[in-house]
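Chemist: kindly generate the corresponding structure for this input.
(chains A and B)
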Amino acid sequence: MTVVADIRGALKLFAQPVTDGNRHVITTQYLYPSGEYVSVYVTPGVSGSLIVTDGGGALDALSAHGIHIEDQKRAFTVVRRYQGIKAEAGEIKTVKLPRDPSLLAHAAVTVARASAHVAEYCLAEFKPRQKRNLEVEILTALHHYVSPARILRHRQFVGKSARQYVFDFAVQLGRKGTLVVDAVEPEPASFLTKFASHMDIARSEQGKLEQRIVYDDSQEWKSQDLNLLQMAAKLVPLSKFKNELKSFNL
Amino acid sequence: MRRSRGGIGRCGRGLANAVVEKPFDQEYFARGMRKKTTARLDFRKRIDAFLAAKKTVGGTPSWTPGNRTDERRAVWLVLLNGQSVGATLQATAYPHEGALRFTIGLEWPDCIWRLDFEPFYKHHPNAHTEVARLGVEPHIAGPHYHAWQDNRHLVRGARVGQLPVARAFRRIRKWEAAMRWFCGQTNIVMPTSQMLDFPRRDRLL
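Modeler: Numbers count the residues shown, from 1 in each chain, chains lettered A, B, ... in the order given. Below is the predicted model of the structure:
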């Protein structure tokens, strides 16, 4: 077998359209950031026209990386750099093309290039932010004001309902009672659990408890979620936590 | 400010309802204090340890609209020792496509493990360097998975990247079995009550 035959065999994949329902799928030589080939879809329209799309592949590449974007207009800004294509309903597509093989080749390559470009741009632009380690930061702040021996981790208290709850930190305040500090994340499973536990121990008749729920104010929070948490205990943004500790004269 | 050595004992007795006290973890604390040291800890080892640890899922998820009209997305909060560590298990499904198609990923916060259940006409090539190094297939058509173990050596700095190395996923052909397989590979305990059925089509065309 000659080298030319090897090359032909290797590139055969790109010249083999596959039919999927009413559309034809072409594997192109462009790659998404995750290494997958970009596929473009050719859909025959009425009166023999053709539409070439990426089938939403650029956005699917983001979904696969767990990135959910609200502002799709911003995601597709780079599409403007390519002539003759547009972004519509989450897909990159051409206008209706007359049935002409020479136009089809250029359209397929342009759509594929734009799709890979959008995916690359969005993966860099909408990269998930590294979350701060809230518990470690709370612990660091506590140590500035309280000796390590007075800080208890994962302290359990029993609420009025007789249910038992674990709190991230408990600081002994002497005659003033106990300061209970909990870190909360902007996920329903986290804040609803904290809400229930703080509501319940606030109603229990045990030693004097000062309750504080600390949240990372550099993260996106819905105001209604913060309002809900505020009903259970005093809510403190992480950036103000040291000021809050100062107020206790520890 | 007076710091009494006996303070803890007195206050502890005052709290009748306090059940168990976990002693303060000095080592954990020291790690938190020495921020620079924490940052220097090998990022890859942290992910190794996270994947090796037994994890649970919190909350009851539901399918919500994804990035596209035809896409459905579900997110489970991943808990380590019952606590949120900012990790999520995410699934994306495409119920309107002719063939079964979905993606399952573990994000912390970047995607560190992913299963792409793609139709046969979608192709994933592996770089020739990785084919020689890991013995992976040079070209995969259809379902495949991107394991952390295969992509670990490609990580630079403190971000995971795009997990370019994949292996074929051929044995399983059903959503639930694939989800269970994924949870098994990533050490996530997924109770039946928190498992979701594959979303149904909500329109005819």
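
Chemist: how many residues are close by A:V180?
Modeler: If you count neighbours by other Cβ atoms under 10 Å in any protein chain shown, A:V180 ends up with 24. (Each C-beta comes from the backbone N, C-alpha and C, glycine too.)

Chemist: which non-adjacent residue is nearest the residue nearest in space to the middle of chain A?
Modeler: Nearest to the mean C-alpha position of chain A, by Cα atoms, centre = their mean, lies A:I67 at 4.6 Å. Setting aside the residues directly before and after it, A:I67 is nearest to A:F126 in space (Cβ to Cβ, 6 or more residues apart in numbering or on different chains), at 5.1 Å.

Chemist: how about the contacts made by that neighbour?
Modeler: By Cβ atoms under 8 Å, 6 or more residues apart in numbering or on different chains, the residues touching A:F126 are A:62, A:67, A:69, A:75.

Chemist: apply 7 Å and report the result again.
Modeler: Contacts for A:F126 (Cβ atoms under 7 Å, 6 or more residues apart in numbering or on different chains) come out as A:62, A:67, A:69.

Chemist: that's a helix at the last one, yeah?
Modeler: Pointing back at A:I69 there. No - A:I69 is assigned coil when assessed by DSSP: H, G, I helix; E, B strand; the rest coil, not a helix.

Chemist: that one is in contact with A:A61, isn't it?
Modeler: No - counting by Cβ atoms under 7 Å, A:I69 sits too far from A:A61 to count as a contact (11.7 Å).

Chemist: between the two, point out the one with more neighbours.
Modeler: Neighbours were counted for A:I69 and for A:A61 using other Cβ under 10 Å; A:A61 has more, 27 against 17.

Chemist: ok but that one is inside a helix, no?
Modeler: Yes - according to three-state DSSP, A:A61 belongs to a helix.

Chemist: what ranges does chain B have for its helices?
Modeler: Ranges of helices in chain B, per DSSP state H, are B:7-14, B:26-33, B:35-40, B:43-52, B:128-134, B:148-151, B:175-185.

Chemist: now do the third one, average pLDDT.
Modeler: Confidence over helix B:35-40 (mean pLDDT, whole number) is 41.

Chemist: gap between the residue nearest the centre of chain B and B:R167?
Modeler: Residue closest to the average C-alpha location in chain B (Cα atoms, centre = their mean): B:L106, at 2.4 Å. Look at B:L106 and B:R167: by Cβ to Cβ, to the nearest Å, they are 16 Å apart.

Chemist: just the helices in chain A please.
Modeler: A:3-11, A:57-64, A:72-75, A:101-125, A:134-145, A:188-203, A:223-232, A:241-246.

Chemist: which stretches of chain A have low pLDDT?
Modeler: Residues of chain A meeting the criterion pLDDT under 70: A:1, A:129-132.

Chemist: mind giving me the domain ranges of it?
Modeler: When chain A is parsed with automatic domain parsing, its domains come out as A:3-125, A:134-246.

Chemist: closest to B:T129 out of these?
Modeler: domain A:3-125 (12.2 Å; Cβ to Cβ).

Chemist: so how far does the closest one reach from one end to the other?
Modeler: End-to-end distance for domain A:3-125, by Cα to Cα, to the nearest Å: 42 Å.

Chemist: just give the nearest non-adjacent residue to B:P138, would you?
Modeler: Using Cβ to Cβ, 6+ apart and skipping residues adjacent in sequence, the residue nearest B:P138 is B:V131, 4.9 Å away.

Chemist: and that neighbour, how many neighbours does it have?
Modeler: For B:V131, using other Cβ under 10 Å, the count is 15.

Chemist: which residues touch residue 194?
Modeler: No chain in the question, so chain A it is. Each residue near A:K194 by Cβ under 7 Å, 6+ apart is listed here: A:182, A:184, A:213, A:229.

Chemist: ah, no, chain B please
Modeler: Applying Cβ under 7 Å, 6+ apart to B:Q194 gives the contacts B:57, B:60, B:76.

Chemist: confidence score at the nearest residue to the second one once chain neighbours are set aside?
Modeler: Leaving aside its sequence neighbours, B:T60 sits nearest to B:Q194 (Cβ to Cβ, 6+ apart; 6.3 Å). We note a pLDDT of 88 for B:Q194 in this prediction.

Chemist: for B:Q194, give its distance to B:G59.
Modeler: B:Q194 sits 8 Å away from B:G59, going by Cβ to Cβ.

Chemist: tell me, what's touching these two both at once?
Modeler: The contact sets of B:Q194 and B:G59 overlap at B:W76 (Cβ under 7 Å, 6+ apart).

Chemist: can you point out the buried residues in stretch B:126-143?
Modeler: Using 16 or more other Cβ atoms under 10 Å in any protein chain shown as the test for burial, stretch B:126-143 gives B:126, B:130, B:136, B:140-143.

Chemist: stretch B:189-203 too?
Modeler: B:190, B:196, B:198-199.

Chemist: gap between it and the chain center?
Modeler: 18 Å (Cα atoms, centre = their mean, to the nearest Å).

Chemist: what ranges do the strands span in chain B?
Modeler: B:55-58, B:64-65, B:72-80, B:83-93, B:102-107, B:111-117, B:123-125, B:139-141, B:144-146, B:167-168, B:188-189 (DSSP state E).

Chemist: can you put those in TSV and add mean pLDDT?
Modeler: Below are the strands of chain B laid out as TSV (pLDDT from 0 to 100):
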stretch	mean pLDDT
strand B:55-58	88
strand B:64-65	88
strand B:72-80	89
strand B:83-93	86
strand B:102-107	96
strand B:111-117	96
strand B:123-125	95
strand B:139-141	94
strand B:144-146	97
strand B:167-168	97
strand B:188-189	96
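
Chemist: would you format those as TSV with distance to A:A202 included?
Modeler: Shown next, in TSV, are these (distance: least, Cβ to Cβ, whole Å):
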stretch	distance to A:A202
strand B:55-58	23
strand B:64-65	33
strand B:72-80	24
strand B:83-93	21
strand B:102-107	34
strand B:111-117	38
strand B:123-125	54
strand B:139-141	56
strand B:144-146	46
strand B:167-168	52
strand B:188-189	32
